[in-house]
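1. Build me a model:
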Amino acid sequence: MKKIYLGIAILFIYGLYSVGIRHERPIIAAPKLKGIASTSQATIKSKTLQVGPVSRHTYVGASENAYYGNVQVSVTIANHRISSVKFLSYPNTHSTSVFINQQAMPYLQQEAIQAQSSHVSIISGATFTSEAFIQSLQSALNKAQ
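-> Below is the predicted model of the structure:
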């Protein structure tokens, strides 16, 4: 009887292996974000084609209070479009702040590049960081215009 169970277990494991089922890290979906209204939103004019060298400039936004620390970003404008947004500083003195910001910062950066403006959604659980990010990004975009 033990041999039958062992045989069934081996066949089961072999079957899983042969069809390609593996243990992988699950893909984490982006949180559903709610939009916010902002009174001063800067949008960069875009060009579809530019002949010649790429025009690239980086602007640093103001350091904004995010309650547990300050947020400051830099924005790189290439060919009249936001090409990257980087965090220069963010709240990182508490382990909870570090954890929350590591989750929220990539979404904020990606959304700013997609929106081509500071009109990004506030991330639930990272409200202070999101608001300070928007203010610092808007400050950098104002310098770009």
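
2. Setting aside sequence neighbours, what's the nearest residue to residue 126?
-> Distance criterion CB to CB, 6 or more residues apart in numbering; nearest residue to residue 126, sequence neighbours excluded, is residue 104 at 3.6 Å. (C-beta placed from N, C-alpha, C; glycine too.)

3. Just give me the neighbour total for that neighbour.
-> 21 (other CB atoms under 10 Å).

4. isn't there a helix covering it?
-> Yes - counting by DSSP: H, G, I helix; E, B strand; the rest coil, residue 104 is part of a helix.

5. thought it was touching residue 127?
-> No - Residue 104 lies out of contact with residue 127 (CB atoms under 8 Å); the separation is 9.5 Å.

6. follow-up on the earlier one: which residues are in contact with the residue nearest to residue 126?
-> Shown in contact with residue 104 (CB atoms under 8 Å, 6 or more residues apart in numbering): 123, 125, 126, 129, 130.

7. can we see that at 6 Å?
-> 123, 126, 129 (CB atoms under 6 Å, 6 or more residues apart in numbering).

8. So residue 74 belongs to a helix, correct?
-> No - under three-state DSSP, residue 74 falls outside any helix and is assigned strand.

9. Tell me how many other residues surround the spatially closest residue to residue 97 that is not a sequence neighbour.
-> Nearest residue to residue 97 in three dimensions, chain neighbours excluded: residue 91, at 4.2 Å (CB to CB, 6+ apart). Neighbouring residues of residue 91 were enumerated by other CB under 10 Å; the total is 21.
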